[in-house]
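Asks: here's a sequence, model it:
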Amino acid sequence: MDIEQARGVLCGIACGDALGRPVEFMSSSGIRAEHGRFDEMMGHGTWNQPAGTITDDTEQALCIARSLAEQHEFDPSDIAEQFVAWYDSNPFDIGRMTMKSLSRLKHGDGWEEAGQHVWETSPEGQNAGNGSVMRCAPLAIPYAMNWDRLVEVSRQSSQITHADPRCTYGCTVLNLTVAGLLDDADTPLQDALDSVGTSAPDELVTALQPLARGDSPDTLETSGYVVHSLQTVLHDGLSAESAEEAIVTAVNRGGDTDTIGAIAGAVAGARFGASALPDRWLDAIDEIGELESIADQLVEMP
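Replies: Just a heads-up that it's a prediction; the model follows:
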């Protein structure tokens, strides 16, 4: 595996997250009206939030990555503990399903119970957010060549907070796609969809299959709904001609910009490598050194 591509996954998450933070929940037209197309955002301009500041997307991805590096394996109980410790640190941002699940974990639920309970008691429309997909890509690095295990750990990592099959298989499809990119596959998304087959929810497969054929949907949504998020980021991440273009395009769509940016960043980082990410972005993020170091460790995991 090209270590630059592995670093690109983690650094790409952080770049997309930080790029999207200052304009989160703004519309695409609102972003253009207030800031123009902010290709030069980090390191330039004046923003309501500090340029280069990461949010819960990167922070939770770091929880997973640190656990993998420390335990030398996927340990959902340890990841759950890292999530709870992060939750107790009074983070800047946290999704509703994640907050409810981590509260249950803190009060005694096992990792396999908390997210399941929250999902089962949440109404449709509030039960399949993108909060697990945004953080899961570190898993694709150590398990890139073991797809059976990658499917298992991707689903379990989601289940901690997001147990809906659209979320668990959303993480699976994303991670298999990233793994394919790390292995320089010609058709990474199609390979991922072929791997999950009929096990994945029809709604997810129907939304992503056109992208695997190279088609562009008429509309791309940027809500917090996991299917919308994956459709948008996989379109932008797989069709752009550079990592910068992928992330900037995704963030400029508006909506859930930090998460859309973070996931698109993972895909683009896996395609193009960390060296393709602009220095002005990397220099603005304090965590880049740790992200690169952990990526190196994940590549060496047995």
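Asks: for the strand or helix carrying Ala179, buried residues please.
Replies: Using DSSP states H and E, Ala179 maps to helix 165-182. Across helix 165-182, burial judged by 16 or more other C-beta atoms under 10 Å covers 165-182. In short, each C-beta sits where N, CA and C put it, glycine included.
Asks: now swap in stretch 142-159 and tell me
Replies: Using 16+ other C-beta under 10 Å as the burial criterion, the residues of stretch 142-159 that qualify are 142-144, 147, 150-151, 153-159.
Asks: and for stretch 235-247?
Replies: Going by 16+ other C-beta under 10 Å, stretch 235-247 has these buried residues: 235-238, 240, 243-244, 246-247.
Asks: same question, stretch 80-96
Replies: For stretch 80-96, the buried set under the neighbour-count rule, 16+ other C-beta under 10 Å, comprises 80-84, 86-87, 94-95.
Asks: what does stretch 192-205 give?
Replies: By neighbour count on 16+ other C-beta under 10 Å, the buried set for stretch 192-205 is 192-193, 195-196, 200-201, 204-205.
Asks: tell me the first helix or strand C-terminal of the helix holding Ala179.
Replies: Proceeding N to C from helix 165-182, the next assigned helix or strand is helix 188-196, under DSSP H and E.
Asks: ok, then the element right after that following helix?
Replies: Stepping forward along the backbone from helix 188-196, the first helix or strand reached (DSSP H and E) is helix 202-212.
Asks: export that next one as PDB, just CAs?
Replies: Written as PDB, here are the backbone C-alpha positions of helix 202-212 (Å, rounded to 0.1, in the frame of the first residue of the first chain):
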ATOM      1  CA  ASP A 202     -32.100  -1.500  -1.700                       C
ATOM      2  CA  GLU A 203     -32.300   2.200  -1.100                       C
ATOM      3  CA  LEU A 204     -28.600   2.500  -0.600                       C
ATOM      4  CA  VAL A 205     -27.700   0.400  -3.600                       C
ATOM      5  CA  THR A 206     -30.200   2.100  -5.900                       C
ATOM      6  CA  ALA A 207     -28.700   5.500  -5.000                       C
ATOM      7  CA  LEU A 208     -25.100   4.400  -5.600                       C
ATOM      8  CA  GLN A 209     -25.400   2.100  -8.500                       C
ATOM      9  CA  PRO A 210     -25.600   4.900 -11.100                       C
ATOM     10  CA  LEU A 211     -22.400   6.400  -9.800                       C
ATOM     11  CA  ALA A 212     -20.600   3.100 -10.200                       C
END
